[in-house]
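> got a predicted structure plus its sequence, pasted below:
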Amino acid sequence: MNNIEWKKEKNLSLLVDFYELTMTNGYLVNGDQDHIVYFDYFFRKVPDNGGFAITAGLQQFIDYLMEIEFSDMDIEFLKEMNIFEEKFLEYLKDFKFTGDVWAIPEGTPVFPNTPIITIKAPILEAQLIETMLLLSLNHQSLIATKSNRIARAANDKPVVDFGARRAHGADATIYGARACYIGGCLGTSNLLASKMFDIPVIGTIAHSWVQFYDDDHTAFKSYVKAFPDNAILLVDTYNVLGSGIPEAIKVFDELEGEGKKGIRLDSGDLDYLSKKARKLLDVAGYEDATITATNSLDEYQIRELERQGAPIDSYGVGERMITARSEAVFGGVYKLVAVETEEGISPRIKLSEEAVKVTNPGFKELWRLYDNRNGNAFADLITFKDEEVKAPYKLFDPLSPWINKTAKNFTAKKLQTLIVHNGELVYDFPTLDEIRDNLNNELSKLWDGLRRFDNPDRYFVNLSFDLWSEKQRLIEKYRNK
Ligand SMILES: Nc1ncnc2c1ncn2[C@@H]1O[C@H](COP(=O)(O)OP(=O)(O)OP(=O)(O)O)[C@@H](O)[C@H]1O
Ligand SMILES: O=P(O)(O)OC[C@H]1O[C@H](OP(=O)(O)OP(=O)(O)O)[C@H](O)[C@@H]1O
Ligand SMILES: O=C(O)c1cccnc1
């Protein structure tokens, strides 16, 4: 199959790591295919050492899950490998996900080692979907987390995603633009993402426009002739203060009507130039003309510009946001946590030399605890699925249990929602604007110390006593083995 044929079909069912298929083939050969298992998706470290991450990508994963269908060509391709059993290929022909999915809604601030998605399904199904679950959630959560840092640095000034040209491929830019919008961007320059997800599309002009017309004045005149209501002029092609801004002002003077006026700065000292530009525009009577800044920006540079009081009205951010350049991996993992046996649900654990890498076993519930006095979230709590959480509740640090406190006056909210039940979608996906509202609402309940870029406060993720005890029992059991 060549690239053009694949693009027409765009069937992602084979987008799995090879071992997902060899293992599922193996479970079938062993007659283990009907065992019901539980897997958790969680991550271990917030990128950039931030205080929290933001979930995104659930909808694209569920879209995939609902549509998995191995085509005749896929089956033929697998058959020619001569390693898969005939009955496995037959099984794939009729593959359909029949299990349950619980997930934290998109646009929720989340913390390390908490179950963001839980899958309950026959082992073959639960295993086969690993790769797409991880790539959908890891990519979009990474970009949503990064764009939220950038949006927060900008102090509520608009940030626009200009990253299409620098993203790592078409999917990265389309779903990246979606994640940027979830994280807090005002819009995108990416027209396809705008069409697909109803994200506001925004744009100015490139240097090529100015170069084509010989000088700044002719270029700006020609531009406002075509777009009189959106005169955002790029002033740094030749000389910002000597020609770009003065010529932009002359063209504004000649322009009739009350359309949008402004300039874009794309090089040089953005603090110095924006202050100079503001003065020139104000003196000329264009107090409403806006200043947009671009040029390899990220949260650190924007924070510095804001700290210096640069009179910038909006930021265009490309490469460093769409690639999450400062830490380009969201290390979410998918781990088996329980197996149904004749005696009931049997929790499973994965040990590690590093204490934080030991998994939390069992079929679980994730709670967020809010202080009734001020509404602030003060801890997440993981329990077994059927446990109750009532005040007074003793919370203790799972790695240092002598650090503890008894919470008395709180409200406990379950963070996961049932998304798919017995293979059927039972959830209405929110719009992107609803996701953004949910995010802002949840963020307003996190204390300020978590928002710091450097050395954010610690947020407690507690285990119930029963879960913690079972974890210790399993650690002992497997350590001694
Ligand atoms: N979720 C938690 N899990 C484990 N230990 C905690 C948790 N929250 C706080 N602690 C520990 O409890 C102690 C007191 O914490 P903190 O200052 O938050 O509460 P407080 O001031 O006693 O109560 P309040 O919540 O009424 O302000 C500290 O040692 C802290 O490390
Ligand atoms: O810098 P980013 O954050 O990625 O933002 C997008 C950049 O894309 C455009 O530049 P272009 O590709 O035309 O090249 P340039 O860097 O020479 O301006 C624009 O002028 C920005 O500089
Ligand atoms: O519209 C713009 O100004 C723009 C779009 C993409 C990249 N850089 C700038």
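Thanks, I have it. Numbers count the residues shown, from 1 in each chain. Ligands and ions are numbered 1, 2, ... in the order given.
> next, count neighbours for residue 419.
22 (other Cβ atoms under 10 Å). From N, CA and C alone the C-beta is placed, and that goes for glycine too.
> okay, and for the stretch 201-350 of the chain, where does confidence drop off?
Residue ranges of the stretch 201-350 of the chain with pLDDT under 70: none are present.
> what residue spans form the domains of this protein?
For the chain, the structural domains run 3-143+328-363+413-478, 204-304, going by automatic domain parsing.
> do the longest one and ligand 1 meet at all?
Yep, that's domain 3-143+328-363+413-478 we're talking about. Yes. Legend: contact between domain 3-143+328-363+413-478 and ligand 1 by Cβ under 6 Å from any ligand atom is shown at 460, 462.
> gap between that domain and the chain center?
Centroid displacement of domain 3-143+328-363+413-478 relative to its chain, using Cα atoms, centre = their mean, to the nearest Å, is 15 Å.
> re the thing from before, indicate which one of the domains of the chain is closest to ligand 2.
Nearest to ligand 2, of all the domains of the chain, is domain 204-304, at 4.2 Å by Cβ to the nearest ligand atom.
> what's the distance between the residue of the stretch 151-300 of the chain found nearest ligand 1 and residue 306?
Distances between the stretch 151-300 of the chain and ligand 1 by Cβ to the nearest ligand atom are smallest at residue 152, namely 24.1 Å. Look at residue 152 and residue 306: by Cβ to Cβ, to the nearest Å, they are 10 Å apart.
> quick one: contacts for the closest residue to ligand 2 within the stretch 301-450 of the chain?
Nearest residue of the stretch 301-450 of the chain to ligand 2 (Cβ to the nearest ligand atom) works out as residue 318 at 2.4 Å. Shown in contact with residue 318 (Cβ atoms under 8 Å, 6 or more residues apart in numbering): 161-166, 294, 296.
> the helices in the stretch 351-481 of the chain, which residues?
432-443, 465-480 (DSSP state H, counting those that start in this stretch).
> mind saving the C-alpha coords of the shortest one as CSV?
Presented in CSV, the C-alpha positions along helix 432-443 are these (Å, rounded to 0.1, in the frame of the first residue of the first chain):
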residue,chain,number,x,y,z
LEU,A,432,-14.1,22.7,23.0
ASP,A,433,-15.6,25.9,24.6
GLU,A,434,-17.2,23.8,27.3
ILE,A,435,-13.9,22.1,27.9
ARG,A,436,-12.1,25.4,28.2
ASP,A,437,-14.8,26.6,30.7
ASN,A,438,-14.4,23.4,32.7
LEU,A,439,-10.6,24.0,32.8
ASN,A,440,-10.9,27.6,34.0
ASN,A,441,-13.3,26.5,36.7
GLU,A,442,-11.0,23.7,37.9
LEU,A,443,-7.9,25.9,37.7
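> ligand 2 contacts on the protein?
So far as Cβ under 6 Å from any ligand atom goes, the chain lies against ligand 2 at 162, 165-166, 206, 266, 294-297, 316-320.
> next, give phi and psi for the most centrally placed residue in the chain.
The residue lying closest to the centre of the chain (Cα atoms, centre = their mean) is residue 141, at 2.0 Å. Dihedral pair for residue 141: phi -70, psi -40, per degrees, to the nearest 10.
> quick check: it vs ligand 3, distance?
Using Cβ to the nearest ligand atom, to the nearest Å, residue 141 is found at 24 Å from ligand 3.
> hmm, residue 235 and residue 207 touching each other?
No. Using Cβ atoms under 8 Å, residue 207 is not in contact with residue 235, being 10.7 Å away.
> still on that earlier bit, check the gap between the residue of the stretch 301-450 of the chain closest to ligand 2 and residue 173 for me.
For residue 318 relative to residue 173 (Cβ to Cβ), the value is 10 Å.
> intersection of neighbour lists for these two?
Common neighbours of residue 318 and residue 173 (Cβ under 8 Å, 6+ apart) are 163-164.
> wait, what's in contact with the residue lying farthest from the centre of the chain?
Computed with Cα atoms, centre = their mean, the residue of the chain farthest from its C-alpha average is residue 254, at 45.1 Å. Residue 254 sits next to residue 221 when contact means Cβ under 8 Å, 6+ apart.
> residue 330 too?
Residue 330 neighbours (Cβ under 8 Å, 6+ apart): 43, 47, 53, 137-139, 141-142, 145, 324.
> just give me the neighbour total for residue 211.
Residue 211, neighbours per other Cβ under 10 Å, totals 12.
> my read: residue 174 touches residue 191, true?
No. The pair residue 174 and residue 191 does not pass the contact test of Cβ under 8 Å, sitting 10.5 Å apart.
> which helix or strand contains the spatially closest residue to residue 438 that is not a sequence neighbour?
Closest residue in space to residue 438, ignoring its immediate chain neighbours: residue 107 at 5.0 Å, by Cβ to Cβ, 6 or more residues apart in numbering. For residue 107, there is no host helix or strand (DSSP states H and E).
> please apply the same query to residue 127.
Using DSSP H and E, residue 127 falls in helix 123-128.
> tell me how many other residues surround residue 440.
When neighbours are counted by other Cβ under 10 Å, residue 440 registers 11.
> now residue 196: which helix or strand?
helix 191-197.
> who has more neighbours, residue 207 and residue 235?
Under the neighbour definition other Cβ under 10 Å, residue 207 and residue 235 were set side by side, and residue 235 has more, 27 against 14.
> that one reaches residue 223, doesn't it?
No. The criterion here is Cβ under 8 Å, and residue 235 misses it with residue 223 at 11.8 Å.
> kindly state the beta-bridge partners for residue 383.
Bridge pairing for residue 383 (DSSP bridges) gives the partners residue 365.
> and it, what does it touch?
Residue 383 neighbours (Cβ under 8 Å, 6+ apart): 364-365, 367, 389, 463-464, 466-467.
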